[in-house]
Each structure stands twice: as structure tokens, then as C-alpha cells.
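**Student:** Mind folding the following:
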Amino acid sequence: MKTYLPLLTLLLAVVSGALSPAAMSAEPVSKSRLGGVAIGGHDTVAYHQIDRDPQADSVEGVKSYTVEYKGAKWRFLSKESSELFAANPEQYSPAYNGHCANALSLGEGLIRTDGTHWEIFDDQLYLFYAARGRTRWTDGNWETYKVASDAAWEALSK
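**Tutor:** As a prediction, this is how the structure comes out:
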């Protein structure tokens, strides 16, 4: 039993740290399981600067321009983008921390996105798991879907 005591102590410390109020109160971010990179490594500032109609491809960030925010690594294409984000992350962060807005509106829970399907409504970036979710929002009443997503996010992000 003495041989396992240090291992058991370490395991309990890790588990209790993971379940601490600080760890549990952090809002979930759509990030990779390995590496903790948010929204597929796409530059969240760039969405606000690229053509929206027709929708341009999202821009991938690079490792050399990374900002830590909400427990995730946010990547950017340039130093300027990373500085804009660092100065005001709430302005550039996607709604629901990058989780699929459509899935939330349908009551499907927190679905990670990879940053490739996106839209901006009222200067807020929304990400989608698949193109059909984005199409549902752009062709339908996105304001109504947003109300449902906001309610689901409020319940699930606590």
C-alpha cells in the first residue's frame, strides 16, 4: 500500500485541482483536445477584416502569434492581429467561445467547431460545425436562433 500512496496522493491532487471552483467556473472554449488551440487555429480578428459577401475562407493563424485567453491558445496570422485581440478579446472572441451556434439553438449542446464555417451578425462572430448550420442561420431568422442559443449557452456554460 505504501508504494501506491504517493501515486494516489498525486492523483487526488490532480482531480481536486481539476474540480476546483476556479477550474469549474471557466467558460468552455471550443478548442482542440491536444494542444488546447481555439477554433481550429483560425485568426479570430481576421474574420472581421475579410470579405463577407461572398463569404471568404477563414484565415489560419500561426504558432508564433499566440495569445492565451480563457484557458485556450488563440492563434493569429500577424503580430497586429494578436495585439488587437490581446487588447480587447471580448470584441474579437466568437459567440459562445467558438462552439457551434446552430447546435446550441437546436438544444444539441456544446459542439466544437474548427473555424471554417462562420458568419458575422451585428458585428459578432458566430461559428458553426457545418455549412448547413450556417445556411440555416443566414436563410432563416438568426435573431430567433440567437435567443435559443443564448439560453442554452447560459445553462451549459455554468
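**Student:** Next up, the contacts around the most centrally placed residue in the chain.
**Tutor:** Among the residues of the chain, the one closest to the centroid is G98, at 2.7 Å (C-alpha atoms, centre = their mean). Listed by C-beta atoms under 8 Å, 6 or more residues apart in numbering, the contact set of G98 reads 29-31, 38-39, 112-113, 115, 127. Quick note: C-beta positions are derived from backbone N, CA and C, even for glycine.
**Student:** Could I get the residues you listed in JSON lines, plus columns for distance to A86?
**Tutor:** Shown next, in JSON lines, are those (distance: C-beta to C-beta, whole Å):
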{"residue": "V29", "distance to A86": "16"}
{"residue": "S30", "distance to A86": "19"}
{"residue": "K31", "distance to A86": "17"}
{"residue": "A38", "distance to A86": "14"}
{"residue": "I39", "distance to A86": "16"}
{"residue": "R112", "distance to A86": "23"}
{"residue": "T113", "distance to A86": "22"}
{"residue": "G115", "distance to A86": "19"}
{"residue": "L127", "distance to A86": "20"}
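**Student:** what's the longest strand seen in the chain in contact with?
**Tutor:** In the chain, taking DSSP state E as the definition, the longest strand is strand 62-69. Applying C-beta under 8 Å, 6+ apart, the contact partners of strand 62-69 are 38, 73-79, 81-82, 85-86, 89, 93.
**Student:** Tell me which of those residues fall in strands.
**Tutor:** Using DSSP E, these in strands are 73-76.
**Student:** From these, pick the one nearest S157.
**Tutor:** Each of these was scored against S157 by C-beta to C-beta, and W74 proved nearest at 17.9 Å.
**Student:** List the residues that contact the closest one.
**Tutor:** 38-39, 44, 61, 66-68, 85, 89.
**Student:** if I look at it, how far off is H42?
**Tutor:** 9 Å (C-beta to C-beta, to the nearest Å).
**Student:** what's the overlap in contacts for the two?
**Tutor:** G61.
**Student:** Now for V45: which residues touch it?
**Tutor:** Counting by C-beta under 8 Å, 6+ apart, V45 touches 76, 81-82, 84-85, 92.
**Student:** quick one: terminal-to-terminal distance for stretch 92-103?
**Tutor:** Counting by C-alpha to C-alpha, to the nearest Å, you get 21 Å between the two ends of stretch 92-103.
**Student:** I'd like the mean pLDDT over that stretch, please.
**Tutor:** Averaged across stretch 92-103, pLDDT comes to 98.
**Student:** Greatest separation within the contacts of strand 62-69: which pair is it?
**Tutor:** Across these, the longest distance by C-beta to C-beta is 18.9 Å; it joins K79 and S93.
**Student:** Cheers, nothing more for now.
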